[in-house]
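> No sequence on hand, only this structure:
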């Protein structure tokens, strides 16, 4: 894959302690919804033992004219540099990479289970679905501690009106508890039919894999990505 230097177009807060960064898209940069890229700081003013490279899922859709990445703003040199980066400053991108993409069998629904910033690959997939209007069913179970911690909820709610067959189930663990099998069964009537996609903190992904196994879901029907340290 080729490397490109891309300019920061704008940045914005999208939830408590979470920011989205919108960069120019290099000419000819093609990716599939759900893929990720590596971002490398160029001549940072500080660095630490975690290094100057981070991996981020692409939150924008391929049809959009820019590339969006979102992250929790931990207190590391990389995140401090990213947070104070002015518009017009360049960063290096390598990619795209990854196979966490939508399955091809349209008759099988897609069930997305996301925690926190793990929403980013699903946001790309769903934005793309809003444009292409595929004949398939989508479910999204999106878990956050509080509403203030949950990025992109308005965009996701808007997508329920743009995608013909999309059910969005947000969950706030502080007031509603954690996602469980009964919640999934309430919305997904035939639980053996879909492909399940899990993304978020490693502890959440592990808990959801265990839950799905206990529900009798085959491991062959489960895809997952851990978002460690982001």
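Yes, it's here. Everything numeric in this text was worked out from a predicted model, so none of it was measured.
> Could you report the neighbour count for the closest residue to residue 221 other than its chain neighbours?
Distances taken as Cβ to Cβ, 6 or more residues apart in numbering place residue 195 nearest to residue 221, at 5.3 Å, with adjacent residues excluded. (C-beta placed from N, C-alpha, C; glycine too.) By other Cβ atoms under 10 Å, 17 other residues sit near residue 195.
> Residue 19 contacts residue 83, doesn't it?
Yes. At 6.7 Å, residue 19 counts as touching residue 83 under the criterion of Cβ atoms under 8 Å.
> neighbour-wise, which of the two wins?
residue 19 (18 against 12).
> show me the contacts for the more buried one.
Residues in contact with residue 19 (Cβ atoms under 8 Å, 6 or more residues apart in numbering) are 11-13, 70-71, 73, 82-83.
> Helix, strand, or coil at it?
At residue 19 the chain is in strand, as set by DSSP: H, G, I helix; E, B strand; the rest coil.
> how near is it to residue 122?
The gap separating residue 19 from residue 122 is 19 Å, by Cβ to Cβ, to the nearest Å.
> May I see the domains of this protein written out as residue ranges?
3-97, 110-226 (automatic domain parsing).
> Do me a favour and get the end-to-end distance for the first one?
Here the two ends of domain 3-97 are set 12 Å apart, with distance taken as Cα to Cα, to the nearest Å.
> Distance from that domain to the middle of the chain?
Centroid separation between domain 3-97 and its chain, computed with Cα atoms, centre = their mean, to the nearest Å, is 13 Å.
> That one - what's its average pLDDT?
Taken as a whole, domain 3-97 has a mean pLDDT of 97.
> ok, now the longest one?
Per-residue pLDDT over domain 110-226 has a mean of 96.
> So for residue 19 and residue 83, which residues contact both of them?
Between them, residue 19 and residue 83 share the contacting residues 11, 73, judged by Cβ under 8 Å, 6+ apart.
> Give me the nearest residue to the residue of the chain positioned farthest from its centre, chain neighbours excluded.
In the chain, residue 45 marks the outermost C-alpha relative to the chain mean, sitting 28.7 Å out by Cα atoms, centre = their mean. In this structure, residue 45 finds its nearest non-sequential neighbour in residue 81, 6.8 Å apart by Cβ to Cβ, 6+ apart.
> Please list all residues in contact with that neighbour.
41, 44-46.
> what's the answer for residue 41, then?
Counted by Cβ under 8 Å, 6+ apart, residue 41 has contacts 47, 52-53, 78, 81-82, 91-92.
> Distance to residue 183 and secondary structure added to those, as a markdown table?
Shown next, in a markdown table, are these (distance: Cβ to Cβ, whole Å; DSSP: H, G, I helix; E, B strand; the rest coil):
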| residue | distance to residue 183 | secondary structure |
| --- | --- | --- |
| 47 | 43 | coil |
| 52 | 40 | coil |
| 53 | 37 | strand |
| 78 | 36 | helix |
| 81 | 39 | helix |
| 82 | 35 | helix |
| 91 | 39 | strand |
| 92 | 41 | strand |
